[in-house]
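> A predicted structure for the sequence below; I have some questions about it.
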Amino acid sequence: MELKKNEIVDLEITGYTAEGSGIGRYKDIAVFVPLAAMGDKLRVRILKTAKTYAFGKIEKIVSGSKERIPVDCPQFAQCGGCVYRHISYAAELRAKQQRVQDAVERIGGFHDVVMNPIVGAKDPDHYRNKAQLPIGRAPDGGIRMGFFASHSHRIIHCNECLLQPEAFTAAMDAFQEWASQSDEDVYDEQTGKGRLRHLYLRQAGATGEIMVCVVVNGNGVHYEPELVELLKEKVPGLKSVIINVNREKTNVVLGNKFRTVWGSDHITDELCGLKFNISPMSFYQINRNQAERLYSLAGQYAGLTGSETLLDLYCGTGTIGLSMAKQAGHVIGVELVEQAVEDAKKNAEENGIENAEFLCADAAKAADMLKNRGVRPDVVVLDPPRKGCDAALIETVAKMSPSRVVYVSCDPATLARDLKLFAQKGYEPKELTPVDMFPRTAHVETVVLMSRVKD
Ligand code: SAH
């Protein structure tokens with residue numbers, strides 16, 4: 001049975017893909033339908049076909065699912081940001097829980113791991129503490145600013161993204177007011193001309209401090225003092241105004257040169273009782289409140305009592321290891337990006353933490369080197385990027401024979417694959433908790449405790 005392009009079919013949505021589309025079945029073909037909700041009965045137009053699956057779009061909602069809610073953002077269907085604004089947050093959390101459970105059972109083959117309910121956010125909106133907003137020209141000549149449409153470089157104008165804090169909207173409004181009065185033109189990707197490229201915003205969630213960074217194709221902009229005055233007047237919590245110089249014809253947002261125009265060159269946040277300085281370039285968790293809950297779970301799973309050696313692999317700016325340093329004897333963090341390692345060292349110093357060291361290296365190579373030096377961590381924390389861990393790393397970690405391994409994952413499928421490899425090396429998953437770090441998007445984070453079962 002094959003489907004053809006443009007064919008119209010009726011189907012019921014029975015689940016969600018990893019990207020947040022609805023899945024329905026037509027005979028033996030899985031049809032993926034964006035913006036659909038589980039329980040929807042739909043008339044769907046087929047857009048693209050393959051042997052066992054097809055992509056379609058909703059022609060008509062014949063009968064809408066109970067999970068549906070009114071969409072509260074006019075840009076939802078075009079913007080590449082959210083995928084779940086049309087279903088309730090409770091339904092979204094169920095979908096994410098199911099996705100983690102399916103991966104652990106089907107890919108990992110684990111059926112008796114304790115799986116806790118997903119930790120949902122108290123506020124599924126306003127959590128993004130960083131925004132990179134491209135600046136363009138609207139057909140009426142005004143400034144257009146917001147987000148790229150899904151898979152494109154067309155700017156969708158959006159001052160009131162619900163995922164961002166209100167102070168960002170205030171900064172966007174103030175910037176646009178200034179831009180409409182200034183003589184600066186917007187940057188054109190094709191010609192490489194025009195000065196205003198991006199408005200780059202960061203917020204320290206606990207302290208409310210705001211950084212506004214204007215990315216400029218040049219050394220600065222005319223009327224900088226006027227811009228600063230307007231921002232000071234309109235943006236609550238403003239702590240830092242920075243010009244970033246980016247003269248390259250590139251998609252990379254930030255250039256290498258920064259000039260602080262007003263205030264501090266960084267903002268400061270608090271996380272797990274520690275202070276973290278955030279410069280424009282520093283990596284920092286996008287959802288501070290949920291990061292704190294994720295780290296606290298990781299800390300619980302690590303079960304430190306004050307004397308242990310903790311190895312924090314893929315440590316970024318050191319936040320996980322540092323949040324546990326007080327309960328550990330010694331912390332070793334490993335991270336590939338040099339700037340992040342520098343930040344991790346600074347973060348340790350600023351917080352008076354003296355029992356943490358950081359290495360700039362590939363996690364697998366560093367683990368091997370540490371093993372050969374006789375380092376025997378009691379607990380290993382892993383927080384790899386989406387592709388998960390190398391098999392070689394898993395083997396090395398197992399050879400170090402820590403009593404516990406805490407795996408923080410942003411991809412359930414690679415997590416499940418890696419859990420299986422760990423199990424083959426004598427580490428069994430004991431307990432697992434999904435955490436919703438990115439409400440309204442398809443992403444889901446999971447933290448897992450593994451224990452050594454054989455010597
Ligand atoms: N644990 C941190 C960061 C996790 S993101 C936090 O919670 O904030 C994953 C990190 O792994 C990134 O900082 C990335 O630079 C780093 N990374 C990617 N590949 C790596 C590798 N092969 N070896 C070491 N670190 C790596």
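Sure thing, it's come through.
> ok, the closest residue to the ligand within the stretch 301-450 of the chain - contacts?
Using C-beta to the nearest ligand atom, the closest approach of the stretch 301-450 of the chain to the ligand is made by G316 at 2.7 Å. Using the backbone N, CA and C atoms, a C-beta is placed for each residue, glycine as well. Shown in contact with G316 (C-beta atoms under 8 Å, 6 or more residues apart in numbering): 283, 335, 337, 340, 344, 383.
> lowest average confidence, helix or strand, in this structure?
strand 155-157 (a mean of 82; mean pLDDT, DSSP states H and E).
> Provide the strand pairings for that strand, with the direction of each partner.
strand 143-148 (antiparallel) (DSSP bridges).
> Closest to the centroid, which residue in this structure?
The centroid of the chain falls nearest to I286 when counting by C-alpha atoms, centre = their mean (5.9 Å).
> Now name the helix or strand holding that residue.
If you go by DSSP states H and E, I286 is not part of any helix or strand.
> Rounded mean pLDDT for stretch 190-206, please.
Mean pLDDT, computed over stretch 190-206, is 95.
> That stretch spans what distance, first to last residue?
Its first and final residues considered, stretch 190-206 spans 40 Å by C-alpha to C-alpha, to the nearest Å.
> Please name the residues that touch the residue nearest to the centre of the chain.
With C-beta under 8 Å, 6+ apart, I286 has these contacts: 127-130, 437-438.
> now, which of those sits nearest V406?
M437 (16.1 Å; C-beta to C-beta).
> Flag the least confident of the contacts of G316.
For the contacts of G316, the weakest pLDDT value sits at F283, with 87.
> Three-state assignment for it, please.
Classification of F283 by DSSP: H, G, I helix; E, B strand; the rest coil places it in coil.
> wait, isn't it in contact with V341?
No: checked against C-beta atoms under 8 Å, the pair F283 and V341 is beyond contact range at 10.9 Å.
> So the two - more neighbours on which side?
V341 (21 against 16; other C-beta atoms under 10 Å).
> and that one, what helix or strand is that in?
helix 338-350.
> just V261 next, same as before
strand 257-263.
> Alpha carbons of that strand, as CSV, please.
What follows is strand 257-263, C-alpha atoms only, in CSV (Å, rounded to 0.1, in the frame of the first residue of the first chain):
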residue,chain,number,x,y,z
LYS,A,257,35.5,41.9,19.6
PHE,A,258,33.4,43.3,22.5
ARG,A,259,33.1,46.8,23.8
THR,A,260,31.2,47.6,26.9
VAL,A,261,29.3,50.8,26.3
TRP,A,262,27.6,51.0,29.6
GLY,A,263,27.6,49.1,32.9
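> Now do the next helix or strand after that strand and helix 338-350, the angle between them.
The helix or strand immediately downstream of strand 257-263 is strand 267-271, counting by DSSP H and E. Per axes from the mean of the first three to the mean of the last three C-alpha atoms, to 10 degrees, the angle that strand 267-271 makes with helix 338-350 is 70 degrees.
> what is the rounded mean pLDDT of strand 267-271?
96.
> which residues sit against it?
Strand 267-271 is contacted by residues 202-207, 209-211, 239-240, 275-278, 284-285, 288, 291-292, 295, 319, 323 when judged by C-beta under 8 Å, 6+ apart.
> Buried ones among these?
Among the contacts of strand 267-271, those classed as buried by 16 or more other C-beta atoms under 10 Å are 202-205, 209-211, 239-240, 276-278, 284-285, 288, 291-292, 295, 319, 323.
> Among those, which ones lie close to the ligand?
285, 319 (C-beta under 6 Å from any ligand atom).
> Which of the buried ones among the contacts of strand 267-271 fall in helices?
The members of the buried ones among the contacts of strand 267-271 that map onto helices under DSSP state H are 288, 291-292, 295, 319, 323.
> Can you classify A416 by secondary structure?
Assignment for A416 (three-state DSSP): helix.
> Between the two ends of stretch 30-41, how far is it?
15 Å.
> Over to stretch 253-261?
19 Å.
> in it, what's buried?
253-255, 258, 261.
> which residues are contacting it?
Here stretch 253-261 has contacts from 132, 197-198, 200, 213, 215, 219-220, 224, 227-228, 240-248, 265, 279-281, using C-beta under 8 Å, 6+ apart.
> Going through those, which ones are buried?
Taking 16+ other C-beta under 10 Å as the criterion, what is buried in those is 132, 197-198, 200, 213, 215, 224, 227-228, 240-246, 279-280.
> host element of E92?
helix 89-102.
> contact partners of that helix?
Contacts of helix 89-102 with the rest of the structure, by C-beta under 8 Å, 6+ apart, involve 15-16, 18, 20, 37-38, 67, 84, 87, 115, 117-118, 120, 124, 412, 432, 434, 436, 439-440, 444, 446.
> Could I get the contacting residues of R197?
134-135, 186-187, 215-217, 246, 253.
> Please report phi then psi for the spatially closest residue to V331 that is not a sequence neighbour.
Spatially, and ignoring its direct neighbours in sequence, V331 is nearest to A356 (4.0 Å; C-beta to C-beta, 6 or more residues apart in numbering). A356 adopts backbone torsions of phi -120, psi 140, taken as degrees, to the nearest 10.
> how near is A356 to T446?
Per C-beta to C-beta, to the nearest Å, A356 is found 25 Å from T446.
> and if you look at A325?
Distance from A325 to T446, by C-beta to C-beta: 24 Å.
> More neighbours: the two, which one.
Between A325 and T446, T446 has the larger neighbour count (other C-beta under 10 Å), namely 25 against 22.
> list the contacts for that one?
By C-beta under 8 Å, 6+ apart, the contact list for T446 reads 100, 407-409, 412, 415, 432-435.
> Can you tell me the element it falls in?
Element membership of T446 [criterion: DSSP H and E] is strand 445-452.
> That strand: how far from the chain's middle?
19 Å (C-alpha atoms, centre = their mean, to the nearest Å).
> thinking again about what came up before, report the strands that pair with the next helix or strand after the helix holding V341, each with its relative direction.
Next along the chain after helix 338-350, taking DSSP H and E as the criterion, comes strand 356-360. Partners of strand 356-360 in the sheet, by DSSP bridges, are strand 330-335 (parallel).
> Buried ones in the strand it pairs with, by neighbour count?
Quick answer for strand 330-335 (16+ other C-beta under 10 Å): 330-335.
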